[in-house]
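*Asks:* only geometry, no sequence info:
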């Protein structure tokens, strides 16, 4: 299904959605914010007949994919009605303009240009060429109140940030990979000066392990030792119930084992006999991959994705055996029916994760890939692309920034491949992409 697109002016450099707020970085270097509810309410005047569905699509998209909704939409008549109204809404021209008085301005950013802008654990993190700053978020339960002044926590160039389980991974390109740890409520993240890897352009999480990408195609898999919390254990950091999980598991030791991509490809057990469920999901399968064929790679929780030099996109399951203490790629290599070279979209710039799919930012377009189908959501170069995979409310949204505007895209939240299958087959719907 085609995503619903909301186009917004004026333009901003970057942004992030957290605590029901859209945080933005302006071209003159100010951090601003506006509530998502206030933003969507601006659509009511021109779209009175669609405003309630628009609120659902942009503010509570996950309600269309909860257990109750799945029971309702397993009825073909209800599901057909949903598809019809989604299609009608996705064809609307949705445009709004934010006025200065509607936007709250907080602080000037410490340094420009900004390389990454993320939020986790009731903090905003700002990575730039002169280091990393954090902003403490003042909130009342899960309601945003204000943003404290920025505090510098790291001096090295910070180009990519990813956080989970009380840990902040900091990529510094040729300066290496660094790790920051949450110390306690209202305390700053403490960044260790230990270089975990000599080069890092970005990282991705797989459960509590980390994949460190040394370039666009290669990674090292770091297996971490974790500590399960006691029932009475207290969280050491605040969190948003709507934007993060309440998991208290901590990483006790980083990188107890590491694997290169070549080691994982060699350790793979290959066969060409996919399971019934996988075959139903996608009819395209291959038998092997060589590392020199890979042009771009990225991952989500338990899966790796390889864009090959000939344009094919391959998905591979990461199989971790805790009992045997082994890690390997799964038996099945699934090839999507999309070929990027045949479409002539240009080189891949970045990737982001969505439930059951991903977003690829290429030189000329931005595309959403879900259910082995793709939708072009932007047909021009973009400044930044963001998704929110850990968020409950906004995990199906995509945020794109362009020279003259920015857009919020709401993607269809229901996995069409499994909706009408037996319930036993759909229990793990969120664990298998595409």
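*Replies:* Looks like it arrived, so ask away. As the structure is a computational prediction, the values presented were derived from the model and not from experiment. Numbering: from 1, shown residues only.

*Asks:* just for the stretch 1-150 of the chain, where's the confidence low?
*Replies:* The model of the stretch 1-150 of the chain has pLDDT under 70 over residues 141.

*Asks:* which residue ranges form the strands in it?
*Replies:* Ranges of strands within the stretch 1-150 of the chain are 4-9, 14-18, 21-25, 30-35, 94-97, 104-108, 114-120, 123-128, 131-140, 143-147, based on DSSP state E, counting those that start in this stretch.

*Asks:* Let me have those strands in CSV, extended by distance to residue 329.
*Replies:* From N, CA and C alone the C-beta is placed, and that goes for glycine too. Output for those, formatted as CSV (distance: least, CB to CB, whole Å):
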stretch, distance to residue 329
strand 4-9, 36
strand 14-18, 32
strand 21-25, 37
strand 30-35, 41
strand 94-97, 42
strand 104-108, 45
strand 114-120, 29
strand 123-128, 31
strand 131-140, 33
strand 143-147, 42
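
*Asks:* Dump these to a markdown table, plus distance to residue 377 and mean neighbour count.
*Replies:* Converted to a markdown table, the strands of the stretch 1-150 of the chain look like this (distance: least, CB to CB, whole Å; neighbours: other CB atoms under 10 Å):
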| stretch | distance to residue 377 | mean neighbour count |
| --- | --- | --- |
| strand 4-9 | 7 | 19 |
| strand 14-18 | 16 | 23 |
| strand 21-25 | 18 | 23 |
| strand 30-35 | 22 | 19 |
| strand 94-97 | 13 | 16 |
| strand 104-108 | 28 | 15 |
| strand 114-120 | 20 | 21 |
| strand 123-128 | 25 | 23 |
| strand 131-140 | 29 | 18 |
| strand 143-147 | 27 | 14 |
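
*Asks:* So what sits opposite residue 407 in the bridge?
*Replies:* Beta-bridge partners recorded for residue 407 (DSSP bridges): residue 7, residue 400.

*Asks:* Residue numbering should commence at 6 henceforth.
*Replies:* Shifting the count to begin at 6 puts that one at residue 412.

*Asks:* who touches it in this structure?
*Replies:* Residues near residue 412 by CB atoms under 8 Å, 6 or more residues apart in numbering: 10-13, 382-383, 404-405.

*Asks:* separation between it and residue 138?
*Replies:* According to CB to CB, to the nearest Å, residue 412 stands 27 Å off from residue 138.

*Asks:* swap in residue 201?
*Replies:* 21 Å.

*Asks:* Same question for residue 71.
*Replies:* 37 Å.

*Asks:* now swap in residue 418 and tell me
*Replies:* 34 Å.

*Asks:* follow-up on the earlier one: would you tell me which one of the contacts of residue 412 comes nearest to residue 367?
*Replies:* The closest of these to residue 367 turns out to be residue 383 (CB to CB; 9.7 Å).

*Asks:* I figured that closest one hits residue 371, correct?
*Replies:* Yes - at 3.9 Å, residue 383 counts as touching residue 371 under the criterion of CB atoms under 8 Å.
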